[in-house]
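Asks: Predicted model, plus sequence, below.
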Amino acid sequence: MAELQNINQQISSFHDSMTFFNQHFEDLKANLEEKSTHIKVLQEENLNLKTTVNDLTSRLCQVEQQMRESNIEINGIPEKNSENLSSIVTKIAKSVDCQLKDDDVLHVTRVAKLNKENPRPRTVVAKLRSTRHRDALIAAVSSYNRKNLGNKLSTNHLGYDGASSPVYVAEHLTPTYKALHVEVRKKAKELSYKFIWVRNGRIQVRKDEYSPILVIRNSTCLSKIN
C-alpha cells in the first residue's frame with residue numbers, strides 16, 4: 001500500500017512537471033510567434049523604406065541632371081596657367097563648323113579630379129545658353145569625327161603645340177549617371193552591343209540597327225542588356 005502511494009505521488013509529481021514544461025513551452029511558442037510577427041513587420045517596413053530611399057535617390061539624380069541640362073563636358077584639354085576656357089569652347093565650335101557665339105557660352109570651369117593620381121588634365125565643364133546650343137555642339141563634334149576618321153577633333157585643332165591628343169565633348173552627367181554609364185559600356189561591350197549613347201541625360205543602348213532602343217535609368221535596368 002505504501003509502495004502504491006509512493007508511485008501515485010511520483011506520477012502526480014511527473015504530471016505536475018509535464019504541466020509546467022508544457023505551459024513553459026506554450027509561453028515560449030507564443031513569445032516566438034509574437035517576435036516572428038514583429039520581425040516580419042520590421043522586414044516589410046525596411047523594404048518599404050528601401051523602396052522610398054531608392055525612389056528619392058532616383059528623383060534627386062534626375063533633378064541634379066536637369067540642373068546640368070545645358071552643360072557640356074570636355075575631356076582632353078591640356079592645362080595652362082593662363083588659359084582662356086571660354087575661347088577654347090568657341091574654338092571647338094569653329095573647328096567642327098558649329099555656329100556658337102561668344103555670349104552663348106555662359107560659364108566655363110575645370111572640375112576637381114575624383115582621383116588626384118590620374119595624370120589626365122582636369123575636365124572642362126561649360127554651361128551654354130540652352131539645351132539647343134548643347135545639342136548642336138555635340139552633334140557637330142560627332143558629325144565631324146564621323147567624316148574625319150583620320151583627323152578627329154584633337155588638341156591640334158585648338159592650337160596646342162606638341163603631339164596631338166583626342167578631345168572629347170559630351171553631355172555633363174552627374175557622378176551617379178557617369179558611374180552607371182561606365183557600367184553600361186562595360187556590359188554592352190561584353191555582349192557586343194553596337195550602339196551606346198547619352199541623350200538628355202538618359203543612357204541608351206542598342207544591340208544593332210534592327211534592335212529596340214533600351215533606356216538604362218539605374219543599375220537594376222542593367223538586366224535589360226542581355
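Replies: On my side now, so go ahead.

Asks: Distance-wise, check residue 189 relative to residue 152.
Replies: 20 Å (Cβ to Cβ, to the nearest Å). C-betas here are computed from N, CA, C, even on glycine.

Asks: Tell me which of the two has more neighbours.
Replies: Taking neighbours as other Cβ atoms under 10 Å, residue 189 and residue 152 compare with residue 152 leading, 16 against 10.

Asks: What does the pLDDT read for the more buried one?
Replies: pLDDT, residue 152: 96.

Asks: Would you confirm that it contacts residue 168?
Replies: No: counting by Cβ atoms under 8 Å, residue 168 is not a contact partner of residue 152; they are 9.5 Å apart.

Asks: so residue 53 sits in a helix?
Replies: Yes: the assignment for residue 53 by DSSP: H, G, I helix; E, B strand; the rest coil puts it in a helix.

Asks: Now for it: which residues touch it?
Replies: Applying Cβ atoms under 8 Å, 6 or more residues apart in numbering to residue 53 gives no contacts.

Asks: Would you check how far apart it and residue 107 are?
Replies: Remark: distance between residue 53 and residue 107 (Cβ to Cβ) = 33 Å.

Asks: Show me where the chain dips below the pLDDT cut-off.
Replies: 1-10, 12-16 (pLDDT under 70).

Asks: Okay, domains of it per the record?
Replies: As assigned by automatic domain parsing, the chain contains the domains 1-66, 68-172, 173-226.

Asks: Can you give me the end-to-end span of the last one?
Replies: Right, the one you point to is domain 173-226. End-to-end span of domain 173-226 (Cα to Cα, to the nearest Å): 25 Å.

Asks: ranges for the helices of this structure?
Replies: With DSSP state H as the criterion, the chain has helices at 2-66, 85-95, 131-147, 175-190.

Asks: deepest of those helices, which one?
Replies: helix 85-95 (a mean of 18; mean count of other Cβ atoms under 10 Å).

Asks: what's the spacing between that helix and its chain's center?
Replies: Distance of helix 85-95 from the chain centroid (Cα atoms, centre = their mean, to the nearest Å) equals 29 Å.
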